[in-house]
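> Quick one, what's the 3D model for this:
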Amino acid sequence: MESRIFYQKVQEKAELSDPLSARRATKSVLETLHWRLPEGEANDIEATLPPELQKVWRGNWGMIIAKKLGRVDKYDKNQFLAQVRTKLRLETNEQAEKTTVAVIHVLKEAIPIGESEDMLAQLPGDLAHLIKAA
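Down below sits the predicted model:
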């Protein structure tokens, strides 16, 4: 899926007002998800994304180095949503959940089903349930 289409679908699904908001939402959710996954799984997902989204997924050099050193943030669902809420400066966890579900829904359309299943296997129950339902 082309990056442009990915952002457009996020904008529609999350009911965001403009393309810039969709880009910010995508960046926030993908970065947070990337931090939650072990490096091998994160790399597998990255390999299936178009180049522009690979850069968003990968993050900055600090994130890349930390990931290579084995950093994984053990977020549960509430902590994950709090991260997204903070990054996007949203008022409620409900807004963060709606945004997260929209981005994850589009991500699952963009990656092979096997990668989606592997991703779910790496997440705790409540967060896996949120992502599976997206």
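
> Per-residue confidence, the nearest residue to residue 52 once chain neighbours are set aside, what does it come out as?
Closest residue to residue 52 apart from its sequence neighbours, by CB to CB, 6 or more residues apart in numbering: residue 3 at 4.0 Å. Where you see a C-beta, it was placed from the backbone N, CA and C, and this is true even at glycine. Predicted confidence (pLDDT) for residue 3: 94.

> May I have the residues that are in contact with residue 3?
Counting by CB atoms under 8 Å, 6 or more residues apart in numbering, residue 3 makes contact with 50, 51, 52, 53.

> Which phi and psi values does it adopt?
phi -60, psi -40 (degrees, to the nearest 10).

> roughly how far apart are the residue of the chain positioned farthest from its centre and residue 39?
Note on the chain: the largest C-alpha distance from the chain mean falls to residue 69, namely 20.6 Å (CA atoms, centre = their mean). In this view, residue 69 and residue 39 are 9 Å apart by CB to CB, to the nearest Å.
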